[in-house]
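In: quick check, what structure comes out for this input:
(chains A and B)
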Number of protein chains: 2
Amino acid sequence: MDAKTTTAIVPTRAEDYPEWYQQVIRAADLAELSPVRGCMVIKPWGYSIWENIQRELDQRFRSTGHRNAYFPLFIPLSFLEKEARHVEGFAKECAVVTHHRLELSPEGKLVPVGKLDEPLVVRPTSETIIGAMFAKWVQSYRDLPILINQWANIVRWEMRTRLFLRTTEFLWQEGHTAHASETEARAETAAMLKLYADFAEHTMAIPAVMGEKTESERFPGAVATYCLEAMMQDRKALQLGTSHFLGQNFARACGIKFLDMNGRENLAWTTSWGVSTRLIGALIMTHSDDDGLILPPRLAPAHVVILPVIHKEADRGAVLTYCQRVAAELRAVHYCQRPLLVEVDEREGRGGDKVWSWIKKGIPLRLEIGPRDMTADAVFMGRRDKPHKERRSLPRAELVATIGALLDEIQDTLLARARSLSAAHTRRVESRQEFYEFFTPRNAAKPEIHGGFVMAHWAGDAAQEETLKNDLSVTIRCIPLDTPCVARGKPAEPGKCPFTGRESPRRVLFAKAY
Amino acid sequence: MDAKTTTAIVPTRAEDYPEWYQQVIRAADLAELSPVRGCMVIKPWGYSIWENIQRELDQRFRSTGHRNAYFPLFIPLSFLEKEARHVEGFAKECAVVTHHRLELSPEGKLVPVGKLDEPLVVRPTSETIIGAMFAKWVQSYRDLPILINQWANIVRWEMRTRLFLRTTEFLWQEGHTAHASETEARAETAAMLKLYADFAEHTMAIPAVMGEKTESERFPGAVATYCLEAMMQDRKALQLGTSHFLGQNFARACGIKFLDMNGRENLAWTTSWGVSTRLIGALIMTHSDDDGLILPPRLAPAHVVILPVIHKEADRGAVLTYCQRVAAELRAVHYCQRPLLVEVDEREGRGGDKVWSWIKKGIPLRLEIGPRDMTADAVFMGRRDKPHKERRSLPRAELVATIGALLDEIQDTLLARARSLSAAHTRRVESRQEFYEFFTPRNAAKPEIHGGFVMAHWAGDAAQEETLKNDLSVTIRCIPLDTPCVARGKPAEPGKCPFTGRESPRRVLFAKAY
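Out: Model prediction:
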């Protein structure tokens, strides 16, 4: 970016939000589409965000008694067939392995040979294969609960793909647990949803609504699906994660049985829960601006970049030495129990281009250091949560002493901003007309940010849901749980459904969604 | 195990080594075969060893400038076809995806539909797909080197599988780098081999020989393959890892070109290197004994287990409180930059069974604590590297103060033992007869541990290699590098090949192998 009156990302959010999203990813060098249809390559800056998400979540899983394990990538067709709704839900989008060898044809082309007796599906989710193992491991109530988590790659054949949001292959974690009682399994389902909400809020700086899905959006085979829904800057909802209470459906299908204390045989109660690389899409769309990515410090691949400012070749040695000294001092500081991650950008090239490359990468703090700063024993600091021109000089010692607090301040600012966007565009709606107006763009010809979250009464049925989907692309995101997380007023209040006129026990959350 | 005169693992190593290996895995609850042909389930204790391997290697990769990224699971057939020897090497063992959807047949069975125009191979290794991305990313010498690592799952169709050693799916890391010069790429290949050797020795307590593979064992498409070979307790060799100098073969096949400083177009020079979950197999076979797994402290999922000894119900509360206090004190101690991992085994059951379960899991230190120990403010300690009866009482304060040193001592003991086994069964052989005798079991009817590593001169050809393989199942493991790591005397010395009588410039390493 040269003319500072324009933005680093073209187009802006207001001009073309979906294209802005792609350009932010490109400018930050997070990921790109691969030559393999629907599959992405996650590049180092993007993958590092995922590793940070993994580390933070993993600690939480561990401290709540879960242990990591690894199960096969392939699922025999007969396993998938075991649960009727499960197979129906996933059959349409499976990659199927049918052969285990290749041969060179007379034309010099490779052709699949060695046909498998039973085709294998590349896991679209692992309930059935993990269930089969649980069935082997569980005999008595003493073997329960089993609390397992798996970090893995997943394949669901997607026709229309978007980086991080919808790709044929993605990375995720899937928790799978088995319990001796319904109460315990329901408590696990709720606890993991809460864990995700807490992670989203405190680590990702993303506020979210916790709720239950209606039947039409339930996980195939689940008794109840709970989810976290967050508002993106285009006011659409993005599902951050899900937690499923599977009842005894998979225990029955897979044969997970145990003898209770009285020697009676029972089916176990199971749960599953997961989040994926989709969270990176949520991170981008919650915090970034028209100059590119903005990273919450707790997930940033690096917290600080030091940019040496060298106008005269004679200064180079001294400036670089000073910069490396500042870097070493900062690396000795701990932030969130880990050493600060500091980059020193010694690349050749124009200073302005280098500064802008880091703004677009979303690094929380930029320190420009030239001969004058050196003399003053100070740094010239820019914060990614403030306008790029708003920079200030800070004594080096003060920076080192306060950098943790500075990063916390940025983290808090991002959460506050996201909360206020979400609050500003969430409204209670009482009539059908108001509902339709809220979700209709003013200019149908041009993509335009509009709408938001609607809390409205609901006593409709699946057909009614379908109508709203067809008319407005609006769906029920969830039936919010009556918890302090639903900051928009207690949803559990009786009222009248604006679509059917019938009595409704509580409001539900409507939105357009990713 | 009840009768203390027998061993916890049946059979013993001497009785039936391959079966002993399976039983050690089962007794330590590391992994098991899944219902999916050739695929294993890695259970929490085993997966945790892999996570520790990952963390330790990852730090080393990072500190040498490598960055993690993620590439697609699927590789289009046409990509695999690009390098002639590469496709030849991998075509025989590929899982092939041919369809992307399933439909319920009239008989109620799922059948694959949605045939792909171009079949996809589940990655057996990623040179071709990563090469295609490098070709996009590299334009000028300024874009080089690219230093990438990927942690991923890999599929190679295997007919005969053994847990950790040979499975259809396994986990690994694969480094892929591109360089502007041959010198730099060769230096990278050597540096990564050295990094692996250092990791094996200092973290896994496994000494290994670094060397170059002969043509017959070279990676398909490589100019040179380097490897690490370690001696297992049955005196067979296990390859711990490989580092390949790929020359310009994959750069040519994938089109990785760059403009040099003079504006001339050049092909890049690439390398790749990897280790896999096979390392866990090596760990088991290097250190375990007839009572089960023995874990080097630097890779143990837990360092210490505390076993409360409760004879009278009245003591329970006080003993458990004391045990938890000791656990908390130990957890505050750091070992290898991380908090000590301490288990407190409060399960019901016989004390002896509990102790033996931890011996079989290989935990480095066991602390038995009962009322008498409490009174003495002491613990009754057993070390996994010593006979199980050799235990001693240790004042609590002394334990806390010296536990790091104790663990280091165990780590050193394991390395010393492995070194001495390897040295005891490595010999220099000068004649064909001596060679055949060394590698021939005394009792052909019964499996028997015999042989070892032979350093012998070699001036034979591929046909000669084939003869040794057919006669004795012995292969050239590598041409050892002339480095201090080869503790068995300098291999580079001219001499006479015992098989052909021809002059040979240096000795090579022969062994039976996994």
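In: which residues in chain A form helices?
Out: Taking DSSP state H, the helices of chain A run over residues A:17-28, A:44-63, A:77-80, A:84-90, A:127-137, A:182-202, A:249-254, A:278-287, A:316-331, A:351-361, A:371-376, A:396-424, A:432-438, A:462-472.
In: so which of these comes closest to chain B?
Out: Closest of the helices of chain A to chain B is helix A:44-63, at 3.8 Å (criterion: CB to the nearest CB). Glycine gets a C-beta too; all of them are placed from N, C-alpha and C.
In: what angle do helix A:17-28 and that closest one make with each other?
Out: Between the axes of helix A:44-63 and helix A:17-28, defined by axes from the mean of the first three to the mean of the last three CA atoms, to 10 degrees, the angle is 100 degrees.
In: who wins for proximity to B:Ala208 among the helices of chain A?
Out: helix A:44-63 (28.7 Å; CB to CB).
In: quick one: buried residues of that closest one?
Out: Buried residues in helix A:44-63, counting neighbours by 16 or more other CB atoms under 10 Å in any protein chain shown, are found at A:44-53, A:56-58, A:61.
In: which of these come close to chain B?
Out: Restricting the buried residues of helix A:44-63 to those near chain B by CB under 8 Å from any CB of the partner chain leaves A:44, A:47-48, A:50-51.
In: follow-up on the earlier one: could I get the buried residues of helix A:44-63 as CSV with pLDDT?
Out: CSV is the format used below for these (pLDDT from 0 to 100):
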residue, pLDDT
A:Pro44, 98
A:Trp45, 98
A:Gly46, 98
A:Tyr47, 98
A:Ser48, 98
A:Ile49, 98
A:Trp50, 98
A:Glu51, 98
A:Asn52, 98
A:Ile53, 98
A:Glu56, 98
A:Leu57, 98
A:Asp58, 98
A:Phe61, 98
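In: show me how chain A divides into domains.
Out: As given by automatic domain parsing, the domain ranges for chain A are A:17-287, A:297-422, A:426-511.
In: any idea how far the longest one is from the chain center?
Out: Its chain's C-alpha centre and that of domain A:17-287 lie 12 Å apart, by CA atoms, centre = their mean, to the nearest Å.
In: now swap in the last one and tell me
Out: A distance of 24 Å separates the centroid of the chain from that of domain A:426-511, by CA atoms, centre = their mean.
In: near chain B, which residues of the stretch 151-300 of chain A?
Out: Within reach of chain B by CB under 8 Å from any CB, the stretch 151-300 of chain A has these residues: A:152-153, A:155, A:157, A:169, A:171.
In: pull stretch A:23-42 out as PDB, backbone CA atoms only.
Out: Taking Å, rounded to 0.1, in the frame of the first residue of the first chain, the C-alpha atoms of stretch A:23-42 are listed here in PDB:
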ATOM      1  CA  GLN A  23      -7.800 -11.100   0.300                       C
ATOM      2  CA  VAL A  24      -7.100 -11.000   4.000                       C
ATOM      3  CA  ILE A  25      -6.000 -14.600   3.900                       C
ATOM      4  CA  ARG A  26      -3.800 -14.000   0.900                       C
ATOM      5  CA  ALA A  27      -2.200 -10.800   2.400                       C
ATOM      6  CA  ALA A  28      -1.500 -12.600   5.700                       C
ATOM      7  CA  ASP A  29      -0.200 -15.700   3.900                       C
ATOM      8  CA  LEU A  30      -2.300 -18.000   6.000                       C
ATOM      9  CA  ALA A  31      -3.400 -20.600   3.400                       C
ATOM     10  CA  GLU A  32      -4.200 -21.200  -0.200                       C
ATOM     11  CA  LEU A  33      -6.200 -23.700  -2.300                       C
ATOM     12  CA  SER A  34      -4.200 -26.600  -3.500                       C
ATOM     13  CA  PRO A  35      -4.300 -28.300  -7.000                       C
ATOM     14  CA  VAL A  36      -6.300 -31.100  -5.200                       C
ATOM     15  CA  ARG A  37      -9.900 -30.200  -5.600                       C
ATOM     16  CA  GLY A  38     -11.400 -28.700  -2.500                       C
ATOM     17  CA  CYS A  39      -8.200 -29.200  -0.400                       C
ATOM     18  CA  MET A  40      -6.200 -26.400   1.100                       C
ATOM     19  CA  VAL A  41      -2.600 -25.900   2.000                       C
ATOM     20  CA  ILE A  42      -2.200 -24.300   5.400                       C
END
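In: tell me the buried residues in that stretch?
Out: For stretch A:23-42, by 16+ other CB under 10 Å, it's A:23-25, A:27-34, A:36-42.
In: low-confidence ranges in chain A?
Out: For chain A, the stretches with pLDDT under 70 are A:1-5, A:482-492.
In: which residues touch the closest residue to A:Ser48 other than its chain neighbours?
Out: Leaving aside its chain neighbours, A:Ser48 sits nearest to A:Pro301 (3.5 Å; criterion: CB to CB, 6 or more residues apart in numbering or on different chains). With contact taken as CB atoms under 8 Å, 6 or more residues apart in numbering or on different chains, A:Pro301 is in contact with A:44-45, A:48-49, A:52, A:295, A:341.
In: ok, now A:Phe510?
Out: So A:Phe510 contacts A:435, A:439, A:453-456, A:468, A:474-477 (CB under 8 Å, 6+ apart).
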